[in-house]
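A.B. asks: Show me how the following folds:
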Amino acid sequence: MDEQIEHEVVAAISAIPGWDHEKVIRRPLTGGLMNSNWLLTYEGVTYFLKVFGKGSENFVDRRLSNEAAVKANALGISPRVELFDPEANIELFEFLDGYRPSTAADFMRKDFLEAVVDLFQKFNSCERLPVTKDVFAMTDEHIEQGHELGAIRPADFDWLLYQYGRARSAFMASGLDIVPCHNDCMAGNFMVTMSGDAIRDMKLIDFEFASNNERAYEIGALLGETFTDEATTVEMIERYYGEIRQELIARVWVARAVSDMKWGSWAVQQRKLSSWDFDYQKYGIWKYARARTLFNDPRWNDWLRQI
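C.D. replies: Down below sits the predicted model:
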């Protein structure tokens with residue numbers, strides 16, 4: 001193990017009140033893009049530890065993230081926060097015994113999509129968070145950060161930016177539907193426990209990007225991330241909203257394109273900052289390509305008018 005990582009995790013465990021770090025059994029977990037994640041066993045009880053990654057404070061409001069996690073746990077849709085210590089750069093959570101992270105392949109199944117839509121519906125309906133940061137503020141921030149860092153972008157980035165600006169103007173003209181949002185629908189953020197081939201329960205984790213945001217972004221980003229086809233997209237929109245109208249369909253499709261611009265812009269500047277072994281540039285260019293596909297859809301102008 002890298003000596004610096006070893007030092008960081010020992011320091012993190014030592015910061016947990018009442019624990020003797022020499023008695024802690026620890027095991028590293030893979031999958032985090034900004035943080036160092038661990039399974040800790042102490043006095044026969046297992047916990048999940050997150051050690052905040054260097055530089056992650058530029059992208060994550062830790063106190064806001066913690067408040068969102070606490071609210072979600074109160075709703076019964078997220079694990080309990082055992083300890084939050086921003087000074088020690090750690091969060092300690094209840095370990096979801098018997099649960100596993102969902103995978104991209106899982107979301108080929110409609111029941112997985114339905115379970116996530118139901119989780120988001122519950123979280124989006126809770127009391128507002130103390131911070132509102134909509135997807136357009138996020139995307140603008142990432143774009144500006146990329147400018148400052150000299151991020152490498154597609155040759156047609158000016159055109160992509162123009163179409164993104166049209167989407168932003170359409171949403172602002174119609175008015176944003178602001179609700180508490182999770183804002184990060186990676187498959188691994190949905191922990192599931194199964195009974196045979198059936199979902200027994202699903203929990204939502206990792207609230208690092210949570211804020212009050214446009215409701216359509218939450219569902220649009222999910223359906224984009226899971227490559228959901230058009231027929232199923234309409235079904236999930238109806239399940240989430242309880243009705244189906246062309247305005248809602250348009251909002252979700254445009255939000256889906258904005259999501260790709262947001263994450264593309266995040267990734268290409270993250271490449272300049274992160275030391276993690278992940279191809280952020282490839283991921284970002286892929287996200288821009290997905291946005292381009294929707295901007296070129298023959299229905300794009302209609303969607304903008306229908307919002």
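
A.B. asks: list the contacts for the spatially most central residue of the chain?
C.D. replies: The residue lying closest to the centre of the chain (Cα atoms, centre = their mean) is Asp184, at 1.1 Å. Residues in contact with Asp184 (Cβ atoms under 8 Å, 6 or more residues apart in numbering) are Asp206, Phe207, Glu208, Phe209, Ala210. All C-beta atoms are positioned from the backbone trio N, CA, C, and that covers glycine.

A.B. asks: which strands and helices sit next to the longest helix along the chain?
C.D. replies: In the chain, assigned by DSSP state H, the helix with the most residues is helix 246-270. For helix 246-270, the helices and strands in contact under the criterion 3 or more Cβ pairs under 8 Å, 6 or more residues apart in numbering; DSSP states H and E are helix 135-149, helix 157-174, helix 215-225, helix 230-241, helix 280-295, helix 300-306.

A.B. asks: Buried residues of it, list them for me.
C.D. replies: Neighbour-count burial for helix 246-270, with 16 or more other Cβ atoms under 10 Å as criterion, is recorded at 248-270.

A.B. asks: now swap in stretch 50-63 and tell me
C.D. replies: In stretch 50-63, counting by 16+ other Cβ under 10 Å, buried: Lys50, Val51, Phe52, Gly53, Lys54, Ser56, Phe59, Val60, Asp61, Arg62.

A.B. asks: now stretch 103-112
C.D. replies: Asp106, Phe107, Phe112.

A.B. asks: Can you name the residues in contact with the host helix or strand of Asp111?
C.D. replies: Counting by DSSP states H and E, the element that carries Asp111 is helix 110-124. Residues outside helix 110-124 that contact it (Cβ under 8 Å, 6+ apart) are 71-72, 75, 77, 102, 106-107, 179-182, 185, 190, 192, 198-199, 202-204, 215, 218-219, 222-223, 226, 228, 232, 235-236, 239-240.

A.B. asks: Pull out the buried members of those.
C.D. replies: Buried members of the contacts of helix 110-124, counted by 16+ other Cβ under 10 Å: 71-72, 77, 102, 106-107, 179-182, 185, 190, 192, 199, 202-204, 215, 218-219, 222-223, 226, 228, 235-236, 239-240.

A.B. asks: in this structure, what secondary structure element scores lowest on mean pLDDT?
C.D. replies: Every helix and strand in the chain was compared by mean pLDDT, DSSP states H and E; the lowest is helix 3-14, with a mean of 79.

A.B. asks: Pull the distance from that helix to the chain's centre.
C.D. replies: Remark: helix 3-14 is offset 26 Å from the chain centroid, using Cα atoms, centre = their mean, to the nearest Å.

A.B. asks: Averaged pLDDT, the helix or strand just after it. What do you get?
C.D. replies: Note on helix 3-14: by DSSP H and E, the next helix or strand toward the C-terminus is strand 25-29. Strand 25-29 shows a mean pLDDT of 90.

A.B. asks: Quick one: list the elements packing against strand 25-29.
C.D. replies: If contacts are counted by 3+ Cβ pairs under 8 Å, 6+ apart, strand 25-29 sits against helix 3-14, strand 36-42.
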